[in-house]
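*Asks:* Sequence and predicted structure below; questions after.
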Amino acid sequence: MSEREITIRNNAGIHCRPSGVILRAVQNEFPGHVFTVSKSDGSECRVDSILSLIALCLACGDRAVLRCEGPDEERALQQIGDLFERDFDFPPHD
């Protein structure tokens, strides 16, 4: 198992839309890998559902630890960790 410290940079935190982007990347790019993310307050979740990520309440500036277990852990941590640290710029809804 490998791990990486991440800092949330998205102004609105990890809400529905960023969670969806992260989850799709996990499912499409890294099948067979297990990801977990934990906050400094001890709360933790598996990165396997949007609701799990939302319930973790990751806000802008929060630091967390992303862990990965699987055949390509280092590449997986780099790619998925970068998504957690991305400042998403979603267009507004009409």
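*Replies:* Cool, the structure landed.
*Asks:* ok, so what distance separates the spatially most central residue of the chain from Ile22?
*Replies:* Nearest residue to the geometric centre of the chain (Cα atoms, centre = their mean): Phe84, 4.5 Å. Distance from Phe84 to Ile22, counting by Cβ to Cβ, to the nearest Å: 7 Å. Using the backbone N, CA and C atoms, a C-beta is placed for each residue, glycine as well.
*Asks:* Equivalent analysis for Leu53, please.
*Replies:* 7 Å.
*Asks:* quick revisit: nearest residue to the residue nearest to the centre of the chain in space, ignoring adjacent ones along the chain?
*Replies:* Excluding the flanking residues, the one nearest Phe84 by Cβ to Cβ, 6 or more residues apart in numbering is Ile6, at 4.6 Å.
*Asks:* Can you tell me the number of residues neighbouring the one you found?
*Replies:* By the measure other Cβ atoms under 10 Å, the count of residues near Ile6 is 20.
*Asks:* Specify the beta-bridge partners of it.
*Replies:* Ala64 (DSSP bridges).
*Asks:* Quick one: low-confidence residue ranges for this structure.
*Replies:* Low-confidence regions of the chain, defined by pLDDT under 70, span residues 90-94.
*Asks:* just checking, what packs against the biggest helix by length in it?
*Replies:* Ranked by residue count and defined by DSSP state H, the top helix of the chain is helix 16-29. Where contact means 3 or more Cβ pairs under 8 Å, 6 or more residues apart in numbering; DSSP states H and E, helix 16-29 is packed against helix 50-55, helix 73-84.
*Asks:* May I have the first one as CSV, with CA atoms only?
*Replies:* Output of helix 50-55 as CSV, limited to C-alpha atoms (Å, rounded to 0.1, in the frame of the first residue of the first chain):
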residue,chain,number,x,y,z
ILE,A,50,-19.8,9.8,-4.6
LEU,A,51,-21.8,9.8,-1.4
SER,A,52,-18.8,8.5,0.6
LEU,A,53,-16.6,11.4,-0.7
ILE,A,54,-19.3,14.0,-0.1
ALA,A,55,-19.8,12.7,3.4
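*Asks:* where does that helix sit relative to the chain's centre, distance-wise?
*Replies:* Its chain's average C-alpha position is 10 Å from that of helix 50-55, according to Cα atoms, centre = their mean, to the nearest Å.
*Asks:* Alright, I will stop here.
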